[in-house]
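**Q** Output the structure for:
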Amino acid sequence: MSLKKQAVSGIIWTFAQQFSVQLINFGVQIILARLLMPEDFGLIAMLTVFINLGQMLMDGGMTTSLIRTKSPTQLDYSTVFVSNFIVSIGIYLLIFITAPFVASFYEQGVLQNILRVYALTFVIRSFVAVHVAKLTKEMNFKTQMKLQVPSTIIGAIVGVIMAYADYGVWSLVWMNLVQTIVFTLQNWIFIKWSPSLIFNKKKFKHHFNFGYKMTLSGLLDTIYNDAYRIVIGKFYSPASVGFYNQAETMRLFPVNQLGAVMGKVTYPLFSNIGDDRQLKETYKQTMKLVFFIVVPMMMILIVVGREFFLLLFGEKWLPAVPYFQILAIASIIKPLTSYNLNILKVKGRSDLFLKLEVYKKIIGIIAIIISLPYGIMVLVVTYTIVYHIMNLLNMFYSGRLINYSMIEQFKDCYKIYICGLICLGITYFTRLFFLKETMNNFTILTFISIIFAFCYLSLIYLFDKDMLHILQKLKKGI
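**A** Purely as a prediction, here's the structure:
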């Protein structure tokens, strides 16, 4: 199969996986949000940073190294598998010992046992990380979908049943744990590959030398992104963390699905392109296509944020709406940030990747310290502003590697953004002056979406011929 056909097939199957899995998760999120209290979600959000850090340290960035390696052998895969397992045990023991201190920091005693149980997920994932990396390397996303969907359904059923039975926050813990266990078991049963109990120092050094810089970058990114939950959890109530976390989850939901699809496919795809000119053109078209989709998706949600939350979660979650609307502005450029960073990984510049993360996170931490005394809303606004500054740094450094300057990237995307802003203004004033508050939430959502879509596509047709050309090429490719 040609590289182009592999990419198209990969996008289709990865989209099918993401759409089915996240549709299930989205439905379960709605059910659990109505059954549980914001405080329950807040408690889990407080622990997210520790779970994410454990996962990052377990892997050490070595599965990423496997994917970019041209022809990895059984020795490569097995060495990374053994490394992941040993490290995961050590990290879990560290978390188990420090759990009481985490609970004391937040002044929430229940967090001790929750963290000890929840942290088992990344130990279990160490058994399957290499399986997933191997399938991704082979661009076999069809099999990944077949394994992910059943585990998501089973975990969701467990979570909802426990929530109905008044298990509260534990329903969220066991939902994730069961999902991880089922997914891991399926990989071992249905995937033919299995590791050999061998460890090669030379292979370990090769993957670690690339991976540790990616891991350090990931740790910085995780700590920074979760710093807002840590700060809010420390200085405000668990309910406040719950509102912020729900806003964060919902604003990331659309872009993460699209980003996961494209990112999962484009990383191995970019890795297989040797010519910089071809890489630049492929990257440009991918970036424009994703931006074309994300801009209307997020701007519509900004306009109808209140109706969106009322329809899905009910009135008790309305305090999350202002956070959601502001954070959604950052979501518009999130895919661009991800693809710029993919260029650094493809080029093997994990050193530059790490250096960039250090610069960006220094800026971010300073912003948190300055805005902390002024409340959660100022924190959220600051986060959005800083995120745009960080994206500019990504665009500058990655663009230099493929001769695709920041100015060129702006020229390729600004028409889409302006078209979106015009439609945002039209639909906002339509919502404000012509739609009554007593109207059904679903009716408002549908009406605004139709108006936005019509205006947006009309403006793109009139002012961005290059985007139309990319869509025509995509249609022919499929």
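
**Q** Show me the helices in the stretch 301-450 of the chain, by range?
**A** Listed in chain order, the helices found in the stretch 301-450 of the chain under DSSP state H, counting those that start in this stretch are 305-312, 321-346, 350-371, 376-401, 406-433, 441-463.

**Q** what does the stretch 1-150 of the chain give?
**A** 3-35, 38-59, 62-68, 74-106, 111-118, 120-125, 129-137, 141-164.

**Q** Could you list the buried residues of the fifth one?
**A** Judged by neighbour count using 16 or more other Cβ atoms under 10 Å, the buried positions of helix 111-118 are 111-112, 114-116, 118. Quick note: C-beta positions are derived from backbone N, CA and C, even for glycine.

**Q** circling back: nearest to Ile293, out of the helices of the stretch 301-450 of the chain?
**A** Between Ile293 and the helices of the stretch 301-450 of the chain, the tightest spacing by Cβ to Cβ is seen for helix 321-346, at 8.7 Å.

**Q** tell me the angle of the closest one relative to helix 350-371?
**A** Orientation note: helix 321-346 sits at an angle of 160 degrees relative to helix 350-371 (axes from the mean of the first three to the mean of the last three Cα atoms, to 10 degrees).

**Q** I'd say Gly159 and Met175 touch.
**A** Yes - between Gly159 and Met175 a contact is recorded at 2.8 Å, counting by Cβ atoms under 8 Å.

**Q** I'd guessed Gly420 sits against Cys455; true?
**A** No - in this structure, Gly420 is not within contact of Cys455 by Cβ under 8 Å, at 9.6 Å.

**Q** out of the two, which sits in the more crowded spot?
**A** For Gly420 and Cys455, the more surrounded residue by other Cβ atoms under 10 Å is Gly420, and the numbers stand at 25 against 20.

**Q** could you list every residue that touches the spatially closest residue to that one that is not a sequence neighbour?
**A** Leaving aside its chain neighbours, Gly420 sits nearest to Val295 (3.9 Å; criterion: Cβ to Cβ, 6 or more residues apart in numbering). Residues touching Val295, when contacts are defined by Cβ atoms under 8 Å, 6 or more residues apart in numbering, comprise 332, 416-417, 419-420, 456.

**Q** now these: which count as buried?
**A** Neighbour counting over the contacts of Val295 (16+ other Cβ under 10 Å) leaves 332, 416, 419-420, 456 as the buried ones.

**Q** now the residues you listed as JSON lines including pLDDT and distance to Ser78?
**A** Formatted as JSON lines, the entries for those read as follows, by pLDDT from 0 to 100; distance: Cβ to Cβ, whole Å:
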{"residue": "Ile332", "pLDDT": "86", "distance to Ser78": "42"}
{"residue": "Ile416", "pLDDT": "91", "distance to Ser78": "46"}
{"residue": "Cys419", "pLDDT": "94", "distance to Ser78": "51"}
{"residue": "Gly420", "pLDDT": "93", "distance to Ser78": "48"}
{"residue": "Tyr456", "pLDDT": "94", "distance to Ser78": "50"}
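
**Q** Now distance to Lys192 too, for the residues you listed, in JSON lines please.
**A** As requested, the buried ones among the contacts of Val295 are arranged in JSON lines below (distance: Cβ to Cβ, whole Å):
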{"residue": "Ile332", "distance to Lys192": "42"}
{"residue": "Ile416", "distance to Lys192": "44"}
{"residue": "Cys419", "distance to Lys192": "48"}
{"residue": "Gly420", "distance to Lys192": "46"}
{"residue": "Tyr456", "distance to Lys192": "46"}
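
**Q** buried sites along stretch 173-184?
**A** Taking 16+ other Cβ under 10 Å as the basis for neighbour counts, the residues of stretch 173-184 that come out buried are 173-184.

**Q** Next, Ala165: phi, psi?
**A** Backbone geometry at Ala165, expressed as degrees, to the nearest 10, gives phi -90, psi 10.

**Q** what's the distance between it and Ile24?
**A** Look at Ala165 and Ile24: by Cβ to Cβ, to the nearest Å, they are 20 Å apart.

**Q** Repeat that for Leu75.
**A** Where Ile24 is concerned, Leu75 sits at a distance of 37 Å (Cβ to Cβ).

**Q** Looking at those two, which one has more neighbours?
**A** With other Cβ under 10 Å as the criterion, Leu75 and Ile24 differ in neighbour count, and Ile24 comes out ahead with 17 against 14.

**Q** show me what contacts that one?
**A** The contact partners of Ile24, by Cβ under 8 Å, 6+ apart, come to 149, 152-153, 156.

**Q** mind running it again at 7 Å?
**A** If you count contacts by Cβ atoms under 7 Å, 6 or more residues apart in numbering, Ile24 has them with 152-153, 156.

**Q** repeat for Arg431
**A** Residues near Arg431 by Cβ under 7 Å, 6+ apart: 303, 448.
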